[in-house]
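Peer 1: A structural model of the following input is requested.
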Amino acid sequence: SFDSFPNGWAAINGPDAITGTGLGQIVAFVGFLELFVMKDITGGEFVGDFRNGFIDFGWDTFSEEKKMQKRAIELNNGRA
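Peer 2: Modelled structure (predicted):
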């Protein structure tokens, strides 16, 4: 269970730390996401459009009003 691992830096470098292979899996997974999934594309529909043709959650089916509402929500959350 996750309770068996300490918090903070001790989870990486300490007596009860994550094993080297576990840490390697985390690093490999993040690297895979960075290289193949989260590609930065140019020419999106708007500034901050990171859909990259992989996942869009039905964005193209929304009306223009709904798209503007969702962009405003993201801006208010500080994510764009």
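Peer 1: Flag every buried residue along whichever strand or helix holds residue 25.
Peer 2: Secondary structure from DSSP states H and E places residue 25 in helix 20-32. Buried residues in helix 20-32, counting neighbours by 16 or more other CB atoms under 10 Å, are absent. Just so you know, the C-beta spots here come from the backbone N, C-alpha and C atoms, and that holds for glycine as well.
Peer 1: Let me see the mean pLDDT of that helix.
Peer 2: Per-residue pLDDT over helix 20-32 has a mean of 94.
Peer 1: Please give the centre-to-centre distance between it and its chain.
Peer 2: Centroid displacement of helix 20-32 relative to its chain, using CA atoms, centre = their mean, to the nearest Å, is 15 Å.
Peer 1: now the end-to-end length of stretch 3-13.
Peer 2: Terminal residues of stretch 3-13 lie 16 Å apart, using CA to CA, to the nearest Å.
Peer 1: Show me what it is in contact with.
Peer 2: 14, 16, 17, 18, 23 (CB atoms under 8 Å, 6 or more residues apart in numbering).
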